[in-house]
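In: Got a predicted structure plus its sequence, pasted below:
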Amino acid sequence: MRQSSQNAPLFGEDDKTIPPKPDFRHPLVSFLHLFFRTSAIFVYLLYDYVSDHFIACMVTIILLLSCDFWTVKNVSGRLMVGLRWWNRVDEDGTSHWLFEARKSDSLNLTSSAESKIFWLGLIIFPILWAIFVFSIIFTLQIKWLAVGIMGLALQGANLYGYVRCKMRGKSSLDLSHVAKNYLGAQLLKQATKAT
């Protein structure tokens with residue numbers, strides 16, 4: 001039997017499947033996550049070839065590192081991996097550091113590709129700045145020491161903050177579970193010793 005062309009579905013109408021999730025939900029954020037830190041390293045490495053003005057290069061590197069710190073702390077951490085850390089000051093002046101992770105039961109708003117980019121960028125670049133600081137010390141280029149320490153401090157602070165967020169988000173439930181099991185085992189042990 002011949003099928004009539006009027007009853008046949010049009011091209012693409014029979015594919016009512018859900019479109020796959022994109023690998024990069026926040027491509028601009030992913031780009032900026034790596035752009036500022038990579039630019040700071042390129043300016044640092046290519047200083048001799050680009051400019052003879054040390055102060056201009058130092059200010060440019062510190063501005064790029066500051067933009068990177070702000071972008072990673074306030075934008076890419078929240079959007080790419082669902083983590084944030086911040087400081088709250090109470091009315092009496094006491095300071096509280098808060099490390100937060102998005103609830104696991106909420107919608108999965110992060111992609112694995114963005115998460116890998118986030119963590120690789122967050123780990124690799126502080127290691128590079130640590131290598132630069134050691135090379136500055138060993139080559140006795142003391143004028144660059146402030147820049148190297150600033151790069152290590154700003155990127156190390158973000159690394160420390162996000163590692164704390166990740167550990168707090170995962171381990172708060174796990175640690176309480178372990179503590180309850182340990183406490184239960186100790187109570188059982190005490191009860192069996194008494195009898």
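Out: Sure, I can see it. Residues are numbered from 1 along each chain as shown.
In: where in the chain is pLDDT low?
Out: For the chain, applying pLDDT under 70 flags the ranges 1-22, 24, 104-110, 169-195.
In: Okay, helices next: where are they in it?
Out: Along the chain, counting by DSSP state H, helices occupy 27-45, 47-50, 54-71, 112-139, 145-194.
In: could these go into TSV alongside mean neighbour count and distance to D92?
Out: Using the backbone N, CA and C atoms, a C-beta is placed for each residue, glycine as well. Shown next, in TSV, are these (neighbours: other Cβ atoms under 10 Å; distance: least, Cβ to Cβ, whole Å):
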stretch	mean neighbour count	distance to D92
helix 27-45	18	36
helix 47-50	12	47
helix 54-71	17	28
helix 112-139	16	34
helix 145-194	14	24
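In: which residue sits closest to E100, ignoring its sequence neighbours?
Out: Among residues not flanking E100 along the chain, R84 sits closest, at 5.3 Å (Cβ to Cβ, 6 or more residues apart in numbering).
In: still on that earlier bit, got the helices of the chain as TSV, with distance to G93 columns?
Out: Output for the helices of the chain, formatted as TSV (distance: least, Cβ to Cβ, whole Å):
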stretch	distance to G93
helix 27-45	33
helix 47-50	42
helix 54-71	25
helix 112-139	31
helix 145-194	22
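In: do you know which of the ones you listed lies nearest A101?
Out: A101 lies closest, by Cβ to Cβ, to one member of these: helix 145-194, at 2.4 Å.
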